[in-house]
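> next come a sequence and a model predicted from it.
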Amino acid sequence: MTNGRFRDGHPRISLSLPGRTGPITTEFIVDTGFDGDLSVPSSVASQLVYEDPRPTVRRLADGSVVRVTALRLDMSIDGIDRPVQALVMPGEPLVGTEFLAEHEVHIEVTDGGDVAIEPLF
């Protein structure tokens, strides 16, 4: 289970990412409008251990198309090791619906409210 808080108008959780000098704890906005796993700004990406960086094209919510770099991270999620794709994009780090697949998401939409993400299995 992953827990977080609703703050500054968004549900937020912290995840441990594989860093070059050890795990990097990063706060993410839970964004069900984002259909990928994760997005991270370049300042976070530069600290990560990743494989297979490659350019990709993505359509944003406003309809614009951008070219970004996709990184493959090996992460342990709910005790299961799995590859995760992180897109390098400006802005706050995001957790998307691909990452949340097979999970129940509970959000108390009030300042300081609980955010809980639990596996369905």
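Everything's here; your move.
> can you tell me the number of residues neighbouring residue 105?
Using other Cβ atoms under 10 Å, residue 105 has 16 neighbouring residues. All C-beta spots, glycine's among them, are computed from the backbone N, C-alpha and C.
> with the one 4 residues further on instead?
By the measure other Cβ under 10 Å, the count of residues near residue 109 is 10.
> what sits against it?
By Cβ atoms under 8 Å, 6 or more residues apart in numbering, the contact list for residue 109 reads 6, 11.
> and after the longest strand along the chain, which helix or strand comes next?
Assignment by DSSP state E gives strand 65-77 as the longest strand of the chain. Tracing the chain past strand 65-77, the next element assigned as helix or strand by DSSP states H and E is strand 80-88.
> now the strands for the protein?
Along the chain, counting by DSSP E, strands occupy 2-7, 10-17, 24-30, 38-40, 51-59, 65-77, 80-88, 94-95, 103-107, 114-119.
> redo the ones you listed as TSV? Include mean pLDDT.
As requested, those are exported to TSV (pLDDT from 0 to 100):
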stretch	mean pLDDT
strand 2-7	94
strand 10-17	96
strand 24-30	97
strand 38-40	98
strand 51-59	93
strand 65-77	94
strand 80-88	94
strand 94-95	97
strand 103-107	96
strand 114-119	95
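> could I get the CA-only coordinates of the longest strand of the chain as PDB?
This file holds the C-alpha atoms of strand 65-77, laid out as PDB (Å, rounded to 0.1, in the frame of the first residue of the first chain):
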ATOM      1  CA  VAL A  65       2.200  17.000 -29.500                       C
ATOM      2  CA  VAL A  66       5.600  16.900 -27.800                       C
ATOM      3  CA  ARG A  67       8.800  14.800 -28.200                       C
ATOM      4  CA  VAL A  68      10.100  13.500 -24.900                       C
ATOM      5  CA  THR A  69      12.600  10.900 -23.700                       C
ATOM      6  CA  ALA A  70      11.200   7.700 -22.200                       C
ATOM      7  CA  LEU A  71      13.300   5.900 -19.600                       C
ATOM      8  CA  ARG A  72      12.900   2.300 -18.400                       C
ATOM      9  CA  LEU A  73      13.200   2.000 -14.600                       C
ATOM     10  CA  ASP A  74      13.300  -1.300 -12.700                       C
ATOM     11  CA  MET A  75      11.200  -0.700  -9.500                       C
ATOM     12  CA  SER A  76       9.700  -2.900  -6.800                       C
ATOM     13  CA  ILE A  77       6.000  -2.000  -6.500                       C
END
